[in-house]
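**Student:** Build me a model:
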Amino acid sequence: QVQLVESGGGLVQAGGSLRLACAGSGRAFTHYNMAWFRQPPGKEREFVAQIVFSGGSTDYADAVKGRFTISRDNGKNTVYLQMNALKREDTGVYYCRGNRLGTDYWGQGTQVTVSS
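**Tutor:** Sure, this is the predicted structure:
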């Protein structure tokens, strides 16, 4: 089992940048495929980006392609989400998810608010 803790959220103006981090503890973090999801106010949770356990493959939601970059440092048990050119519609709670052998583990989330 892995425990996940997100950090790096905050208030930023439109056009600005933030970098989120998701620190994992527990065994075998490097065996987990990792992803970021977000939940905008009043909406369902939605997929943002994912990275396989090796870091060799990534995927993004269309809404963030070209602006967000997911990466991981398995030596630090951490996954990052670099968010550039932020828009108001990027506002929401951002969650980190780890997946292994069909089981999902979620962090508690970190709030990102983009002001105009």
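**Student:** CA only for contacts and neighbour counts going forward, please
**Tutor:** Will do.
**Student:** what about the closest residue to Gly109 other than its chain neighbours, which SS state?
**Tutor:** Counting by Cα to Cα, 6 or more residues apart in numbering, Tyr95 is the residue found nearest to Gly109 once chain neighbours are left out, at 4.4 Å. Following DSSP: H, G, I helix; E, B strand; the rest coil, Tyr95 is assigned to strand.
**Student:** mind checking how far Tyr95 is from Leu81?
**Tutor:** Tyr95 sits 11 Å away from Leu81, going by Cα to Cα, to the nearest Å.
**Student:** hey, what's Gln3 bridged with?
**Tutor:** Taking DSSP bridges, one obtains Ser25 as the residues bridged to Gln3.
**Student:** Hmm, it is touching Gly26, no?
**Tutor:** Yes - if you go by Cα atoms under 8 Å, Gln3 and Gly26 touch, sitting 6.4 Å apart.
**Student:** shared neighbours of the two, anything?
**Tutor:** Taking Cα atoms under 8 Å, 6 or more residues apart in numbering as the contact rule, Gln3 and Gly26 have no neighbour in common.
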